[in-house]
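Undergrad: got a structure for you, letters missing:
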């Protein structure tokens, strides 16, 4: 059964986000938060310390935290992509933009109107609404870009043969006329894009939670999408429509 | 020793007053530098004793000659210096006695005599603009000399950053349309020895390797001599402990600078530069830039002139040809998004409150309506 086609009544809940999807979501939230903070300081180190470098290892620990969070993120992303093959329709949504469907574009138009205050209430979607889906797709692309550039920088340290798989990133920057520093710069630009995404994402989720017609935050916790009661104003509109239809 | 028709490296070294002890020291050092271990030092010594010397023809394109300068400033009388300056160097514009017509003859003679057997070392690069007219050598564009030299060479060595990556001549907007040696030579193996200037020991090790094993050394994906360009400057750096500790130089001549702290915040390019400076060092192992208190400029890397200031870590964005740094993009994008989200949040709150208000009114009206309809129903019943 396609979850995306369910139209539940108000007060009815539908289980949309399976456990692995929720686990992945909160794992990458923790990873990305760690990566923002440590990554920012790796590019612009904090005020210098003094002391015996035999005992101090603060910057080393910062970089270690960055690498650890990054490798967890990479593993989480790989697992998430694999889950998309076995999970439900919602778990696949963020990887495929159905830009060839007219209905999707219509939904996107509706969402944009809703965000421009041109409609009274947003549509009900069991998974992501088309706007959120587009946003999530950009986010996934940005995370993959960050993983590739990051692994490209990491492999140059020559830590393990496994990471040499990502030497093509290094070759790519040399081929394009630059050097490894360009990869570092692009990695930092990617961070900016993700920071912007996180700001918009968090804002939209809170807004939908308050003003929208379905639950958002609790859905990412317990997996259940609950349709709220239709607002009284909309009920009046619906009744007017029904009466007009009868007449 | 049996009489040979040719002279070996060892013969020439002995003729120049190098003792056997010093010769063996050189062989051991070279084996260590190449990462081969002490067991292979006798192999190198044997090869240099028995095989004919490897001729090197060194030509200059569009360059500042700092590669040769680096070379002649090595300490005397080191075997590694002599092995290239006095022995194998069959042609070198700057170091040879001949000049003018004679020099041209020497070049022709060298490439004819050692056909298919010599190493062509190219210092500087070849501008392709105006048919190569920006660099004339012996009355002809340098590109022709390069082609002639490469045609019969065993291998071509792109010596220095100019030859390897283009260096300052190829920096934007590259007015003379500079092409690097690997751009121009396609039918011969090309080895990149980047650096501005490169480390002289790398060249002598390269020659020793080719003589010993009669093959070219392992190269990385960018065609560099893997034994010397396999690691970041950062990962071998003498100041690395300070980096890991979080001890940085904040300004020139501050406390940290005096204590020899890490130069990362002063724009050091060590973390993204592949070279062997910290291990081989310069001038007979005296020092290298970071050890002397200056951040690495990344002179062994492609496009290092185009990446903004030498003293910044966060660099210009490549490809866009702008002076925008990632930091400026962060401020711009972050600020815009934060402002947009803020404005939208305020509008949404207003919209939401209006809707709540209207809903309340509507609910009140609905309640009134249903009460009225209930009354109507009651009235009807009474009438009946």
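TA: Yep, it's here. Computed from a predicted model, the values in this text were never measured in an experiment.
Undergrad: mind checking how far the lengthiest helix in chain A is from the chain centre?
TA: The longest helix of chain A (DSSP state H) is helix A:180-211. Counting by C-alpha atoms, centre = their mean, to the nearest Å, helix A:180-211 is centred 9 Å from the centre of its parent chain.
Undergrad: Give me the below-cutoff pLDDT ranges for the chain.
TA: All of this refers to chain A. The model of chain A has pLDDT under 70 over residues A:1, A:230-247.
Undergrad: The intended chain is chain B.
TA: Using pLDDT under 70, chain B drops low at B:1-3, B:73-88, B:314-323, B:370, B:373-384.
Undergrad: Identify the residue spatially nearest to the most centrally placed residue in it, adjacent ones excluded.
TA: With distances taken as C-alpha atoms, centre = their mean, the residue of chain B nearest its centroid is residue B:301 (1.8 Å). Among residues not flanking residue B:301 along the chain, residue A:179 sits closest, at 3.9 Å (C-beta to C-beta, 6 or more residues apart in numbering or on different chains). Quick note: C-beta positions are derived from backbone N, CA and C, even for glycine.
Undergrad: Contact partners for the one you found?
TA: Residues in contact with residue A:179 (C-beta atoms under 8 Å, 6 or more residues apart in numbering or on different chains) are A:173, B:272-273, B:298, B:301-304, B:307.
Undergrad: quick one on the thing from earlier: who's in contact with the residue nearest to the centre of chain B?
TA: By C-beta under 8 Å, 6+ apart, the contact list for residue B:301 reads A:179-181, B:161, B:165, B:194, B:269, B:272-274.
Undergrad: and it, helix, strand or coil?
TA: Assigned by DSSP: H, G, I helix; E, B strand; the rest coil, the conformation of residue B:301 is coil.
Undergrad: Would you mind measuring from residue A:122 to residue A:181?
TA: Using C-beta to C-beta, to the nearest Å, residue A:122 is found at 45 Å from residue A:181.
Undergrad: Okay, strands next: where are they in the stretch 201-350 of chain B?
TA: Counting by DSSP state E, counting those that start in this stretch, the stretch 201-350 of chain B forms no strands at all.
Undergrad: What ranges does it have for its helices?
TA: Under the criterion DSSP state H, counting those that start in this stretch, the stretch 201-350 of chain B contains helices at B:226-229, B:240-245, B:255-259, B:277-280, B:326-383.
Undergrad: Any chance of the ones you listed in TSV with mean neighbour count and distance to chain A as columns?
TA: Shown next, in TSV, are those (neighbours: other C-beta atoms under 10 Å in any protein chain shown; distance: least, C-beta to the nearest C-beta, whole Å):
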stretch	mean neighbour count	distance to chain A
helix B:226-229	21	11
helix B:240-245	21	4
helix B:255-259	14	5
helix B:277-280	20	14
helix B:326-383	13	4
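Undergrad: Mind listing what's buried along the helix or strand residue A:170 falls within?
TA: Residue A:170 belongs to helix A:167-175 when assigned by DSSP states H and E. For helix A:167-175, burial by neighbour count (16 or more other C-beta atoms under 10 Å in any protein chain shown) applies to A:169-170, A:173-174.
Undergrad: which one among those residues gets closest to chain B?
TA: Nearest to chain B out of those is residue A:174 (C-beta to the nearest C-beta; 5.3 Å).
Undergrad: quick one, what contacts the closest one?
TA: By C-beta under 8 Å, 6+ apart, residue A:174 lies in contact with B:221-222, B:302.
Undergrad: Pull the contacting residues for residue A:197.
TA: Contacts of residue A:197 (C-beta under 8 Å, 6+ apart): A:135, A:138-139, A:142.
Undergrad: one more time with 6 Å
TA: residue A:139 (C-beta atoms under 6 Å, 6 or more residues apart in numbering or on different chains).
Undergrad: For it, give its distance to residue A:39.
TA: As judged by C-beta to C-beta, residue A:197 and residue A:39 stand 15 Å apart.
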